[in-house]
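Novice: structure for the following, please:
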Amino acid sequence: MRRVWAGLPKTIRFGQREENLLMLVPHAELDKLRDGTADEGTWHTITMRLDWGAFMSIDHFDNIEANDQIRSALDAMLSIKDRHKRTGKWGVSGDEFFKIGEALNLTDEMQKQTTRREQEDSLTAMLKLNAALLKEQKK
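Specialist: Numbers count the residues shown, from 1 in each chain. Got it, this is the predicted structure:
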């Protein structure tokens with residue numbers, strides 16, 4: 001059964017408060033990595049935002065440099081996760097912090113320049129790919 005969501009049409013942009021939250025929460029989570037208060041949810045929040053940014057850069061912008069910058073930040077997130085597995089602590093180096101912060105800023109700018117429909121298309125593509133990859137891993 002397909003679920004139908006009632007709400008604003010995709011052609012109407014959501015409110016400024018919601019738009020700001022989409023942008024600010026990942027930055028706040030990045031600060032948690034720096035100050036030592038991060039947890040696994042922090043990692044997932046930032047990684048999801050960067051994944052979404054990577055899909056927006058591919059789907060709606062012809063900018064290889066932007067995609068490379070986001071890929072570099074995602075590589076940093078993988079390093080953070082690997083380090084957590086070894087040490088049991090969530091943290092970030094200065095270089096990782098800079099790369100991730102810049103990529104989050106880039107994602108924020110892309111969000112401002114895309115429509116809700118374009119954002120949903122990129123998010124849906126990202127979620128489908130992630131689901132397929134998880135399914136493949138379980139085999």
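Novice: contacts and neighbour counts: CA atoms only from here.
Specialist: Fine.
Novice: buried residues, stretch 61-77. List them.
Specialist: Ala66, Asn67, Gln69, Ile70, Arg71, Ser72, Ala73, Leu74, Asp75, Ala76, Met77 (16 or more other C-alpha atoms under 10 Å).
Novice: residue nearest the middle of the chain, spatially speaking?
Specialist: In the chain, the centroid-proximal residue (C-alpha atoms, centre = their mean) is Arg49; its distance is 1.2 Å.
Novice: low-confidence stretches in the protein?
Specialist: For the chain, the stretches with pLDDT under 70 are 1-14.
Novice: quick one on the thing from earlier: how close does the residue nearest to the centre of the chain sit to Leu104?
Specialist: 7 Å (C-alpha to C-alpha, to the nearest Å).
Novice: list residues touching both of the two?
Specialist: Pro26 (C-alpha atoms under 8 Å, 6 or more residues apart in numbering).
Novice: distance check, the residue nearest to the centre of the chain against Lys139.
Specialist: Taken as C-alpha to C-alpha, the span from Arg49 to Lys139 is 27 Å.
Novice: go on, Asp31?
Specialist: In terms of C-alpha to C-alpha, Asp31 sits 36 Å off from Lys139.
Novice: more neighbours, those two?
Specialist: Between Asp31 and Lys139, Asp31 has the larger neighbour count (other C-alpha atoms under 10 Å), namely 18 against 5.
Novice: what sits against that one?
Specialist: So Asp31 contacts nothing (C-alpha under 8 Å, 6+ apart).
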